[in-house]
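**Student:** dropping a prediction and its sequence here:
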Amino acid sequence: MRFVTRKAIPRRMFLRGVGASLALPALDAMLPAFGQTPAPIPRLGFVYVGNGVIHDDWKPAEIGSSFELSRNLQPLAGVREHMNVLSGLAHLSADGDGSGNHTRASAAWLTGVHVYDRTRPGVEVKVATSADQLAAQQIGRDTPLQSLELTVETAEEGSCDSGDCFYVNTVSWRNETTPNMTEINPRVVFTRLFGDGGSSAERLERTQNKGSLLDSVKAEAERLAHELGLGDRSKLNEYLDTVREIEKRIQNTEARGEQALELPARPTSIPDSFEVHAALMFDLLALAFQTDSTRVGSMILSRELSGRDYAQIGVPGNHHSISHHRDDPRLMAQKSRIDTHNVGLFARFVEKLAATPDVDGSLLDQSLIVYGGGIGNGNLHRHSDIPCLTYGNLGGRIETGRHLAYPMDTPMCNLLVTALNHVGVEIDSFGDSTSALSFSSPS
């Protein structure tokens, strides 16, 4: 039974402590007294993976709702009903112009714009405001962070094939010349979400003392708990436990002999394990969505030209080099194993969103999460039939649980037009789009 008070708690309520604040998740007590459920808040998320896929292991053989999960998509079995597999999409705007295929793949993914190799004389490089930023301007106006850009791969993780590394180190563009650079350090992200004051020296002292954010807001949290119904108290306690668990994971990482650096300079205290790092960053993004700290987020799970070694899953060597498999069955199997592993990391994020309550359903129900990349065949640098999954239905706007096979080379920008329209950005075209993308089964 929903607990209703005569005086509703504000949706944007914070627990405040010394130099820190903690946004609250959606609680029943935030609903207007004896009123209607407020309109759900949409969230948009974009997760990028580079270097293409092995299509035979990625794309389901069957079309429609009765498809069987492919080898790469097996980790998503537990949340299959929330997923759409979109095949046939392309970013042909990333084709041509000599070298720079990886560069153009990243740059085009959320912009639909062809970027030239900067080494060409007399060519001015311009991209465009990316789709995530157009959405952030609309639905992120009232949140503490208009958008959040994350990564788990450093700029040193691979090379740059056009000389402009920022193209492969972000997929988010504030405008045609200004990239939103990604954050790799979980401590910095945590501070951006929950730290709201104090000098850099004071913040450094809190970090060095391993002081808990929750200790700072404990008194106010206890006061609020007394005003809530049993269901809301349970939600609040679960949420505070989640925050403390993430905080402890960050502190444990920093305790392994690494020194905290002065903020806002970027610390280097990130987990040694790729899997631990990715899980932590995904958890922070989920927490940001849950607390309405931001409604738009992106994350680079694997950058183009990534040279990461996946020896921990039995695939030693350079990811980018392996993607140029030259149809060698051994290398193709290794590339497929990498792709399945990355999908597994993403699956945990989706499962968390599906398990997190929100107004009128779960957090995933109110979201649209896009997972994919700008290259289809990594061996040949093809930008056709790029990998693309969507998760969530944006409050019932999108039917899920299907493999939708579109005519080959349907612009991915059609999907971006649809996503933007569904969150209130009324546009007819974007990048190289030809129309909005229908989520009905293509004929």
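**Tutor:** Yes, it's here.
**Student:** list the contacts for the residue lying closest to Ser435 once chain neighbours are set aside?
**Tutor:** Spatial nearest neighbour of Ser435, chain neighbours left out: Asn414 (5.9 Å); criterion: CB to CB, 6 or more residues apart in numbering. Glycine gets a C-beta too; all of them are placed from N, C-alpha and C. Each residue near Asn414 by CB atoms under 8 Å, 6 or more residues apart in numbering is listed here: Leu89, Ser433, Thr434, Ser435, Ala436, Leu437.
**Student:** out of those residues, who's nearest Asp132?
**Tutor:** Closest approach to Asp132 among the contacts of Asn414 (CB to CB): Ser433, at 15.7 Å.
**Student:** Three-state assignment for that closest one, please.
**Tutor:** Under DSSP: H, G, I helix; E, B strand; the rest coil, Ser433 falls in the coil class.
**Student:** ok, which stretches of the stretch 1-150 of the chain are strands?
**Tutor:** 14-17, 20-23, 43-49, 83-90, 148-151 (DSSP state E, counting those that start in this stretch).
**Student:** helices or strands up against the longest one?
**Tutor:** Other elements packing on strand 83-90 under the criterion 3 or more CB pairs under 8 Å, 6 or more residues apart in numbering; DSSP states H and E are strand 388-391, strand 402-411, helix 412-422.
**Student:** any low-confidence regions in the stretch 251-400 of the chain?
**Tutor:** Applying pLDDT under 70 to the stretch 251-400 of the chain picks out residues 251-269.
**Student:** how about 50 then?
**Tutor:** 256-268 (pLDDT under 50).
**Student:** Val343 contacts Leu76, doesn't it?
**Tutor:** Yes: with contact defined as CB atoms under 8 Å, Val343 counts as touching Leu76 (6.4 Å).
**Student:** which residue ranges make up each domain of the protein?
**Tutor:** 1-38+196-269, 42-184+271-422 (automatic domain parsing).
**Student:** can you pull the buried residues of the biggest helix by length in the chain?
**Tutor:** In the chain, with assignment by DSSP state H, the single longest helix is helix 329-355. If you call a residue buried by 16 or more other CB atoms under 10 Å, then helix 329-355 has these buried ones: 331-332, 334-354.
**Student:** ok, stretch 409-425 next?
**Tutor:** Buried residues in stretch 409-425, counted by 16+ other CB under 10 Å: 410-423, 425.
**Student:** check contacts around the residue lying closest to Val79 once chain neighbours are set aside.
**Tutor:** Residue nearest to Val79 in three dimensions, not counting chain neighbours: Val350, with 5.0 Å by CB to CB, 6+ apart. Val350 makes contacts with Leu76, Val79, His82, Met83, Leu364, Ile369, Tyr391, as judged by CB under 8 Å, 6+ apart.
**Student:** quick check, nearest of the residues you listed to Ile300?
**Tutor:** Distance to Ile300, by CB to CB, is smallest for Ile369 among the contacts of Val350, at 14.4 Å.
**Student:** compute the inter-axis angle for the helix or strand harbouring the closest one and strand 43-49.
**Tutor:** According to DSSP states H and E, Ile369 maps onto strand 367-372. Angle of strand 367-372 versus strand 43-49, following axes from the mean of the first three to the mean of the last three CA atoms, to 10 degrees, is 10 degrees.
**Student:** export strand 367-372 to CSV, keeping only CA atoms.
**Tutor:** The C-alpha coordinates for strand 367-372 follow below in CSV (Å, rounded to 0.1, in the frame of the first residue of the first chain):
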residue,chain,number,x,y,z
SER,A,367,14.8,4.8,-19.6
LEU,A,368,16.2,4.2,-23.0
ILE,A,369,19.7,2.8,-23.0
VAL,A,370,21.5,2.4,-26.3
TYR,A,371,24.5,0.0,-26.5
GLY,A,372,26.6,-0.3,-29.6
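**Student:** pull out the buried members of the contacts of Asn414.
**Tutor:** Among the contacts of Asn414, those classed as buried by 16+ other CB under 10 Å are Leu89, Ser433, Ala436, Leu437.
**Student:** taking those together, which two end up most distant?
**Tutor:** Of all pairs in the buried ones among the contacts of Asn414, the most separated under CB to CB is Leu89 and Ala436 at 13.4 Å.
**Student:** how is Asn175 assigned, secondary-structure-wise?
**Tutor:** coil.
**Student:** can you give me every residue that contacts it?
**Tutor:** Asn175 makes contact with Ala128, Thr129, according to CB under 8 Å, 6+ apart.
**Student:** for it, give its distance to His320.
**Tutor:** Distance from Asn175 to His320, counting by CB to CB, to the nearest Å: 29 Å.
**Student:** can you check Arg71 too?
**Tutor:** Counting by CB to CB, the gap from Arg71 to His320 is 21 Å.
**Student:** looking at these two, which is more packed in?
**Tutor:** His320 (22 against 15; other CB atoms under 10 Å).
**Student:** alright, I will stop here.
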